[in-house]
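Visitor: I need the structure of the sequence given here:
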Amino acid sequence: MARYIGPKTKIARSLGSPVYGYDKIYEKKNYPPGMHGLARKRRKPSEYRMQLLEKQKAKYTYGVQEAQFRRFYQIAISKGGVTGENLMQILESRLDNVVYRLGIAKTRPAARQLVSHKHITVNGKVVNVPSFMIRPGDVVGVREKSKSLFVIQESLAARVDKYSWLQWDQANMEGTFLQYPVRAEIPENINEQLIVELYSK
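Guide: Down below sits the predicted model:
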């Protein structure tokens, strides 16, 4: 699966949201890039543009490509209930995102790298697929040989328990995915209803 490796601040400015986390450059220039950036910010966006921006925001926030995102949307529809909330729950249950939420990595890209380099286990078995879907009851942990890695130790030293759907066991350096989070618990500033409207056209 390809991933974006270009300038992150430029993406954040074009989307109007710090999708890669705190960015001091974005804080100073929170308007679209380019010589007409400020003029574009003042202009009222069309309905389609607003919907597209929300989809792009979700894709870059969670590190998902278009084909995979569209597949997640189809799964969200098939589950029944509120499609937008289902979509957010699917994105939250990706392995790389769970590793990030547990505090094993400071950022989602860092979490993705830990997974790809076989430092992470699911139910005791090494899994190196960042998009692996975690289900309620699954236990995500750090591989025994990797527990002494500085980047993991540094990240865990700064972790705080913020998410009610995750339970962390510091002694064993593993966390349990208790349940799918309700939308109100997910902190991402994404209007998933606009994404549903975009794909419903």
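
Visitor: from the contact counts, what lies against the helix or strand containing residue 72?
Guide: Assigned by DSSP states H and E, residue 72 belongs to helix 66-78. Using 3 or more CB pairs under 8 Å, 6 or more residues apart in numbering; DSSP states H and E, the elements in contact with helix 66-78 are helix 47-62, helix 83-92, helix 192-199. Where you see a C-beta, it was placed from the backbone N, CA and C, and this is true even at glycine.

Visitor: winner for burial among the ones you listed?
Guide: helix 83-92 (a mean of 22; mean count of other CB atoms under 10 Å).

Visitor: show me the domain layout of the chain.
Guide: Following automatic domain parsing, one gets these domains for the chain: 8-90+190-199, 94-179.

Visitor: tell me what residue 140 is bridged to.
Guide: residue 122, residue 175 (DSSP bridges).

Visitor: out of the domains of the chain, which gets the lowest mean score?
Guide: Note on the domains of the chain: domain 8-90+190-199 shows the lowest mean pLDDT, a mean of 79.

Visitor: what residue is smack in the middle of this structure?
Guide: residue 62 (2.9 Å; CA atoms, centre = their mean).

Visitor: give me the nearest residue to that one, chain neighbours excluded.
Guide: residue 91 (4.8 Å; CB to CB, 6 or more residues apart in numbering).

Visitor: ok, now which ones touch the one you found?
Guide: 58, 62, 64, 72, 97 (CB atoms under 8 Å, 6 or more residues apart in numbering).

Visitor: close enough to count as contact, residue 85 and residue 190?
Guide: No. Contact status for residue 85 versus residue 190: not in contact, 11.4 Å apart, counting by CB atoms under 8 Å.

Visitor: got a pLDDT number for the closest residue to residue 165 other than its chain neighbours?
Guide: Nearest non-adjacent residue to residue 165, counting by CB to CB, 6+ apart: residue 181, 4.4 Å away. Looking at residue 181, its pLDDT reads 96.

Visitor: so which strand or helix has residue 181?
Guide: Using DSSP H and E, residue 181 maps to neither a helix nor a strand.

Visitor: that one: neighbour count?
Guide: Residue 181: 20 surrounding residues under other CB atoms under 10 Å.

Visitor: isn't it up against residue 188?
Guide: No. The pair residue 181 / residue 188 is not scored as a contact, 10.7 Å apart, by CB under 8 Å.

Visitor: give me the common contacts of those two.
Guide: What both residue 181 and residue 188 touch, as defined by CB under 8 Å, 6+ apart, is the set residue 88.

Visitor: if we can go back for a sec, I'd like to know which of the helices and strands packed on helix 66-78 is closest to residue 169.
Guide: Closest to residue 169 of the helices and strands packed on helix 66-78 is helix 83-92 (CB to CB; 20.0 Å).
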